[in-house]
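*Asks:* Show me how the following folds:
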Amino acid sequence: MSGNNNNEQIKKFAVVACGSFSPISIAHIGLFHEIQFLAEDKGLELVASYISPVSDAYGKKSLINIQHRINMINLALETEDIILDEWECTKDEYTPTVFVLQHIDEIVKQKHGNDVKTLFLCGADLLDSFNAPGIWAEEHTEIIARDFGFMVLLREGFSVDEIIAKNTYFTKYKENIITIEQEVFKDISSTKIRNRIKKGRTIRYLTPNPVIGYIAEHGLYQ
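*Replies:* Sure, this is the predicted structure:
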């Protein structure tokens, strides 16, 4: 694990993971635990962890019905201190990430105080996409970098320092960016789980057992 040296202003934080979660994997859950360890190592306080799945309106081919995804996430989180927020996923239209962060940040501040920073959990590859034209609205980039922040999962082939240097807002608000390395489960992904199901292979240890049972019961990802 590693942390950005420029995080002096962050003392208490919540973290928000957005995505498809089709299905949720052990890697998703394990990363939240890694973040807790990072916080302890850095003398920070993680006050809450949130999962916000995208709605069906996102239109990704690998998405299955949101109710199935909600049910699987709830099964996976039965023994976890991770919160499923359904505000985004139950909408009939796609919701830009900045609005999801604003929604959860309001909840976080009501529960834990105004001194808590809400961080967007993403991979370094996604962080780099903020530098690609036409993907993220400039005003959304500024708001996320300024008002919230990033918990960035290191990825091979991506330099977070270089990504920050290329972006005016990331450079200006770099104290709001923390990096983390996922030491376990790094080779597990929802894509691999779906592919193994299609091939008739076991997905044991890749997602929690209740999720495996649910997938089998409903014949998902065949």
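
*Asks:* what ranges of the chain fall below the confidence cut-off?
*Replies:* By pLDDT under 70, the low-scoring segments of the chain are 1-8.

*Asks:* Name the secondary structure element that contains the residue in it sticking out farthest from the centre.
*Replies:* Distance from the C-alpha centroid of the chain peaks at G200, with 28.4 Å (CA atoms, centre = their mean). G200 is part of no helix or strand, with elements assigned from DSSP states H and E.

*Asks:* distance of it from Y221?
*Replies:* G200 sits 11 Å away from Y221, going by CB to CB, to the nearest Å. (C-beta placed from N, C-alpha, C; glycine too.)

*Asks:* swap in S25?
*Replies:* 13 Å.

*Asks:* re earlier: so what's the backbone phi/psi at the residue farthest from the centre of the chain?
*Replies:* For G200, the backbone dihedrals (degrees, to the nearest 10) come out as phi 80, psi 20.

*Asks:* Could you do I83 as well?
*Replies:* According to degrees, to the nearest 10, I83 has phi -100, psi 130.

*Asks:* Quickly list what it is bridged to.
*Replies:* Counting by DSSP bridges, I83 is bridged to Y50.

*Asks:* That one and F32 touch, don't they?
*Replies:* No: if you go by CB atoms under 8 Å, I83 and F32 don't touch, sitting 10.4 Å apart.

*Asks:* The two - which one has more neighbours?
*Replies:* F32 (19 against 15; other CB atoms under 10 Å).

*Asks:* What segments of the chain are helices?
*Replies:* Counting by DSSP state H, the chain has helices at residues 26-42, 66-76, 97-112, 124-129, 138-147, 160-166, 168-172, 190-198, 209-218.

*Asks:* Specify the stretch among those helices that is closest to T90.
*Replies:* helix 66-76 (6.9 Å; CB to CB).

*Asks:* Who are the packing partners of the closest one?
*Replies:* strand 45-53, strand 83-84, helix 209-218 (3 or more CB pairs under 8 Å, 6 or more residues apart in numbering; DSSP states H and E).

*Asks:* Could you check how far that helix is from the centre of its chain?
*Replies:* 16 Å (CA atoms, centre = their mean, to the nearest Å).

*Asks:* cool, stretch 164-173 as well?
*Replies:* 21 Å.

*Asks:* ok, now stretch 154-174?
*Replies:* 18 Å.

*Asks:* Can I get it in CSV, CA atoms only?
*Replies:* The C-alpha trace of stretch 154-174 is given here as CSV (Å, rounded to 0.1, in the frame of the first residue of the first chain):
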residue,chain,number,x,y,z
LEU,A,154,-2.5,2.1,-8.8
ARG,A,155,-2.5,0.4,-12.2
GLU,A,156,0.5,-0.9,-14.1
GLY,A,157,1.4,1.4,-16.9
PHE,A,158,-0.1,4.5,-15.3
SER,A,159,1.8,7.1,-13.4
VAL,A,160,-0.4,9.0,-11.0
ASP,A,161,2.2,11.8,-10.7
GLU,A,162,2.2,12.2,-14.5
ILE,A,163,-1.6,12.2,-14.7
ILE,A,164,-1.8,14.9,-12.0
ALA,A,165,0.8,17.0,-13.8
LYS,A,166,-1.2,17.0,-17.0
ASN,A,167,-4.4,18.2,-15.3
THR,A,168,-4.7,21.8,-14.0
TYR,A,169,-7.3,20.9,-11.4
PHE,A,170,-5.5,17.8,-10.2
THR,A,171,-2.4,19.9,-9.8
LYS,A,172,-4.2,22.6,-7.9
TYR,A,173,-6.0,20.2,-5.6
LYS,A,174,-3.5,17.4,-5.4
